[in-house]
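Student: Quick one: sequence plus predicted model below, questions after.
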Amino acid sequence: MKGFLDFIREQGVVGLAVGFILGGAVSKVVAGLVTDIINPIIGVALGAAGELKSATFAIGPVQILWGDFVSILIDFVIIALVVYFGVKFIGLDKLDKKKENA
């Protein structure tokens, strides 16, 4: 049991769990932002009536759902930016550099 507790303390498992939970919460906030605010604005700008996810174009009988892909890409970029600036703001990038020098 002592080895397990040492592993949890030394490997930052608790911090990882907290980060995982916060990441899920940030993901929901970003998804709401993109779905409810950004996608409608981009949809109007690009001429996709309604919302961006419904934007398609046809090649023969096939419908290409390019709006859905762009929506997912916007989600990814915003989440990546939030994580990047969050790590910079908290200073976690400096913690890893200290471990490398030790």
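Tutor: Yes, it's here.
Student: Name the nearest residue to the residue positioned nearest the centre of the chain, sequence neighbours excluded.
Tutor: Residue closest to the mean C-alpha point of the chain, counted by CA atoms, centre = their mean, is I79 at 2.7 Å. Leaving aside its chain neighbours, I79 sits nearest to V30 (5.2 Å; criterion: CB to CB, 6 or more residues apart in numbering). (Each C-beta comes from the backbone N, C-alpha and C, glycine too.)
Student: can you map out the strands along the chain?
Tutor: Under the criterion DSSP state E, the chain contains strands at 57-59, 62-64.
Student: model confidence over the longest helix seen in the chain, on average?
Tutor: When the chain is parsed with DSSP state H, its longest helix is helix 66-90. Mean pLDDT, helix 66-90: 81.
Student: counting contacts, what elements does that helix pack onto?
Tutor: When contacts are defined as 3 or more CB pairs under 8 Å, 6 or more residues apart in numbering; DSSP states H and E, helix 66-90 sits against helix 13-33, helix 39-46.
Student: Give the buried residues for that helix.
Tutor: 67-68, 70-71, 74-75, 78-79, 82 (16 or more other CB atoms under 10 Å).
Student: low-scoring stretches of this protein, by residue?
Tutor: By pLDDT under 70, the weakly predicted segments of the chain are 7-11, 13-14, 47-51, 91-102.
Student: Swap in 50 and give it another go.
Tutor: For the chain, applying pLDDT under 50 flags the ranges 98-100, 102.
Student: contacting residues around the closest residue to G67 other than its chain neighbours?
Tutor: Nearest residue to G67, sequence neighbours excluded (CB to CB, 6+ apart): A55, at 2.9 Å. By CB atoms under 8 Å, 6 or more residues apart in numbering, the contact set of A55 is 43, 46, 48, 65-68, 70.
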